[in-house]
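Colleague: just to be clear, the model below is a prediction. Sequence and coordinates:
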Amino acid sequence: MLLPRLAVGVDGAILDTPGEPPESTLKNRLCHGAYPVREHQGLVFAYMGPPDRMPEFPIYDTSNLPGYDRYHVTKHHWPCNWLQVKDNCMDPSHTAFLHAIEMGHGFSEAHKELGTLDWVETPVGMIYIHCRRVGDNVFVRMTDYISPTLHQIATNAEEGNREHGFYRATNTFWLVPIDDTNCVTIVLRRQREGASPPGPSFGQDGDRPYEERQRSPGDWDAQVTQRPIAVHAMERLGTTDRGVIMLRGLVRDGIRAVQEGRDPKGVVRTPGEIITTYANNSVWRVPPAPTLEEDRALLLESGRRAFEQYMASPSLETAP
Ligand SMILES: [Fe+2]
């Protein structure tokens, strides 16, 4: 093992091999692997693709939210394949069943409502559009999946009882595959100055006793217990899994693009380009339709209308 006895430059050049005799030419014949890195908002990103295909560093429009200059980063290890962790982000019904209905976990009352679900592709990935009835209002929540490994959400505390425009995502989740059966999520939460730091995330690791995790499961328990690599052939997908199917299609399209030498979705080649993203919460006054069935149609239509409005004029508004 030569590594502890090397002095290596930032580009991987071997500068010195102090354990070798002075006349050794070993250092001239070897090169250590190295990847370009970039520090951004307290995180270090590495580019590990072919050097001649290196894109611009992706800067998202959520990077600098006006007034949100406090950053909190958390990191969680998941002993399973990365895809079963990520495809959960396009399954909004799990939020009600796994988080909001029984335990809250920082989700407002409005999240207990199942509402209507819709999914739409965006230039960088896709979003879900989740609409819930809150009295005379419709709470429209859009969440980004940015292929292949990123998602963004606006605040979970939205109550939906006050009309307002598009409040941008404040939380960005990166997922880093380590190998086929291990991955790490890195969560960046942006906050206003003076806000108290976010509490610990519930259910994002396996540190709780087994019985407690069985009685009050979190995301970690739901995803890791699918086995180290979930077997898609054994799944029985329902209508609420439409987003999961779309997400997997986007991953597949991206893999094929790379195999054919093309850029997958979301790769930036223009220096200085800021990537538009789509996650937000908005609340609209739309009094209920006379019947439940008609109201569901109205919720779906309100969600589509909100999405079209957002696409025509993306907002940079943030929650007060
Ligand atoms: Fe979750």
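Modeller: Yes, it's here.

Colleague: spatially central residue for this protein, please.
Modeller: For the chain, residue 151 is the residue whose C-alpha lies nearest the centre (CA atoms, centre = their mean; 1.8 Å).

Colleague: my read is that residue 213 contacts residue 207, right?
Modeller: No. Residue 213 is beyond contact range of residue 207, at 9.2 Å (criterion: CB atoms under 8 Å). Just so you know, the C-beta spots here come from the backbone N, C-alpha and C atoms, and that holds for glycine as well.

Colleague: among those two, which residue is more densely surrounded?
Modeller: Shown here are residue 213 and residue 207; by other CB atoms under 10 Å, residue 213 has more neighbours (18 against 8).

Colleague: could you check how far that one is from residue 203?
Modeller: Going from residue 213 to residue 203 by CB to CB, to the nearest Å gives 8 Å.

Colleague: find residues that contact each of the two.
Modeller: Contact criterion CB atoms under 8 Å, 6 or more residues apart in numbering; residues bridging residue 213 and residue 203 by contacting each: 220, 221.

Colleague: which residues of the stretch 201-320 of the chain score low on pLDDT?
Modeller: 316 (pLDDT under 70).

Colleague: can you give me the helices for this structure?
Modeller: 26-29, 82-86, 93-94, 101-103, 210-215, 219-224, 242-259, 292-312 (DSSP state H).

Colleague: in CSV: those helices, plus distance to residue 16.
Modeller: Listed next are the helices of the chain as CSV, based on distance: least, CB to CB, whole Å:
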stretch, distance to residue 16
helix 26-29, 7
helix 82-86, 38
helix 93-94, 53
helix 101-103, 56
helix 210-215, 50
helix 219-224, 44
helix 242-259, 37
helix 292-312, 56
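
Colleague: quick check: which of those is buried the most?
Modeller: Each of these was scored by mean neighbour count; the highest is helix 82-86, a mean of 23, by mean count of other CB atoms under 10 Å.

Colleague: other SSEs contacting that one?
Modeller: The contact analysis (3 or more CB pairs under 8 Å, 6 or more residues apart in numbering; DSSP states H and E) places helix 82-86 against strand 171-179, strand 182-191, helix 219-224, helix 242-259.

Colleague: quick check: mean pLDDT of that helix?
Modeller: Averaged over helix 82-86, pLDDT sits at 97.

Colleague: contact partners of it?
Modeller: 78, 145, 148-149, 151, 175-177, 183, 185, 219, 223, 226, 229-230, 247-248, 251.

Colleague: residue 263 reaches residue 257, doesn't it?
Modeller: Yes. The pair residue 263 / residue 257 is scored as a contact, 6.5 Å apart, by CB under 8 Å.

Colleague: what's the burial count for residue 170?
Modeller: 20.

Colleague: so it sits against residue 65, correct?
Modeller: Yes. Shown here, residue 170 and residue 65 form a contact pair, counting by CB under 8 Å, at 6.7 Å.

Colleague: what touches both of those two?
Modeller: Common neighbours of residue 170 and residue 65 (criterion: CB under 8 Å, 6+ apart): 190, 318.

Colleague: just to revisit the earlier point, report the contact partners of the residue nearest to the centre of the chain.
Modeller: 86, 89, 143, 144, 145, 172, 173, 279.

Colleague: adding distance to residue 306, write these out as CSV.
Modeller: Output for these, formatted as CSV (distance: CB to CB, whole Å):
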residue, distance to residue 306
86, 25
89, 20
143, 13
144, 15
145, 18
172, 21
173, 23
279, 13
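
Colleague: list just the nearest of these to residue 71.
Modeller: Of all the contacts of residue 151, residue 172 has the smallest distance to residue 71: 10.1 Å, by CB to CB.
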